[in-house]
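Asker: build me a model:
(one chain, ligands or ions: 1)
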Amino acid sequence: MQTVTTREMLRTAVDGLRAEGRTLALVPTMGALHEGHLTLVREAKSRADSVAVSIFVNPTQFGPNEDLDAYPRRMAEDSALLEKEGVALLWAPGVAEMYPDGYATNVSVSGVSEGLCGAARPGHFDGVATVVCKLFNQVRPDLALFGEKDWQQLAVIRRMAADLDLVRPHVSAIHGVPTVREADGLALSSRNQYLSPEQRQQAAELPQAMRDAIAALHSGSAVAPTLAAMEAHLLQAGFASVDYATLADAASLVPLDSLSGAPARLLVAARIGGTRLIDNMAV
Ligand code: PAF
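Answerer: Sure thing, here's the model as predicted:
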């Protein structure tokens, strides 16, 4: 695996792979890799000749109340994991390489960025859209892969790439990879490490409450009382609060008050102790 830290080194490495006629898949990450990330890498390997992974803890997607410095950084461990997975290229720029002095451009995606996590984290999706736009331009992959766990992020990136004409020529496809779950259904997340053993047990009620709500919707229950019952289930199970529990159109994320047959998604963010967990499922 080749590790590159400057745009110039990256260009040379990507040109080298391209000269060999290899297709290239990109998996953007902020590091602290877990099984969910490795699943993206394996999926990328099955879809392209070579895989590039970026590790960049992007400061512009952290709000003033979010602790950027506390975000886990484990470059040596991450690099060893990626090497073992057969990744060809690790793109690991520093902040000054990504946002040099004088940097002044921001990509802002309206609509799909605004509700749900966007409402609780102002500016977060601008930071995500900006850095992913830059990563696409820098790496010019054939394919980019993102976890469906961050469904709103995936929707924002799809909108941004379509609107800025990045899907072709730079990226021929953006591929969402289904959420990897623990045996009890809890979605894998780097935030799960902050849960105490008791909270970890309670956290499994999140996917359970969601599955119950989906079953109720399919058997004809109305949306508003179903969502209210799901919220009550979570509070009863020990969650401190529910930031949102929404049924939405899967692509636009516009809230739905009934099922129409178009793809819909149940999206939830809830806090357990000081940890905010998010999850989403197809309905
Ligand atoms: O999901 C993430 O890890 C980040 O938001 C991403 C897509 C790598 C952009 O920094």
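
Asker: from now on I want contacts and neighbour counts done on CA atoms only, so please keep to that.
Answerer: Will do.

Asker: so S54 sits against A32, correct?
Answerer: No - in this structure, S54 is not within contact of A32 by CA atoms under 8 Å, at 11.8 Å.

Asker: with neighbour numbers in mind, choose between these two.
Answerer: Set side by side, S54 and A32 show more neighbours around S54, with 21 against 16, by other CA atoms under 10 Å.

Asker: in the stretch 101-250 of the chain, which ranges drop under the pLDDT threshold?
Answerer: Counting by pLDDT under 70, the stretch 101-250 of the chain contains low-confidence ranges at 168-171.

Asker: can you list the residues of it near the ligand?
Answerer: For the stretch 101-250 of the chain, the contact set with the ligand under CA under 6 Å from any ligand atom comprises V128, V132.

Asker: tell me which stretches of the stretch 101-250 of the chain form helices.
Answerer: Secondary structure of the stretch 101-250 of the chain (DSSP state H, counting those that start in this stretch): helices at 116-120, 124-139, 151-163, 197-203, 205-218, 223-236.

Asker: do a quick rundown of the strands in this protein.
Answerer: 2-4, 24-29, 50-55, 89-91, 143-147, 173-177, 241-249, 264-272, 275-282 (DSSP state E).

Asker: now L247: how far from the ligand?
Answerer: Going from L247 to the ligand by CA to the nearest ligand atom, to the nearest Å gives 22 Å.

Asker: report how many residues lie close to that residue.
Answerer: Neighbour tally, L247, other CA under 10 Å: 26.

Asker: and E83, which of the helices of the stretch 101-250 of the chain is closest to it?
Answerer: Of all the helices of the stretch 101-250 of the chain, helix 124-139 sits nearest to E83, with 18.8 Å by CA to CA.

Asker: okay, the angle between the closest one and strand 24-29?
Answerer: Helix 124-139 runs at 150 degrees relative to strand 24-29, counting by axes from the mean of the first three to the mean of the last three CA atoms, to 10 degrees.

Asker: and the angle for helix 124-139 with strand 143-147?
Answerer: Angle, helix 124-139 to strand 143-147, by the same axes, to 10 degrees: 150 degrees.

Asker: mind listing what's buried along helix 124-139?
Answerer: 124-133, 135-136, 138-139 (16 or more other CA atoms under 10 Å).

Asker: just want the angle from it to helix 151-163.
Answerer: Going by the same axes, to 10 degrees, helix 124-139 makes 50 degrees with helix 151-163.

Asker: in stretch 93-107, what's buried?
Answerer: For stretch 93-107, a neighbour-count test (16+ other CA under 10 Å) marks P93, M98, Y99, V107 as buried.

Asker: what's in contact with it?
Answerer: 4-7, 55-56, 58-59, 126-127, 129-130, 133 (CA atoms under 8 Å, 6 or more residues apart in numbering).

Asker: swap in stretch 22-29?
Answerer: For stretch 22-29, using CA under 8 Å, 6+ apart, the contacting residues are 17, 37, 40-41, 44-45, 47-57, 132, 135, 139, 141-146.

Asker: got the contact list for the closest residue to L266 other than its chain neighbours?
Answerer: Among residues not flanking L266 along the chain, L247 sits closest, at 4.6 Å (CA to CA, 6 or more residues apart in numbering). For L247, the contact set (CA under 8 Å, 6+ apart) comprises V223, P255, L256, D257, A264, R265, L266, L267.

Asker: wait, what's in contact with the fourth one?
Answerer: Going by CA under 8 Å, 6+ apart, D257 touches A222, V223, A224, L247.

Asker: cool, thanks, signing off.
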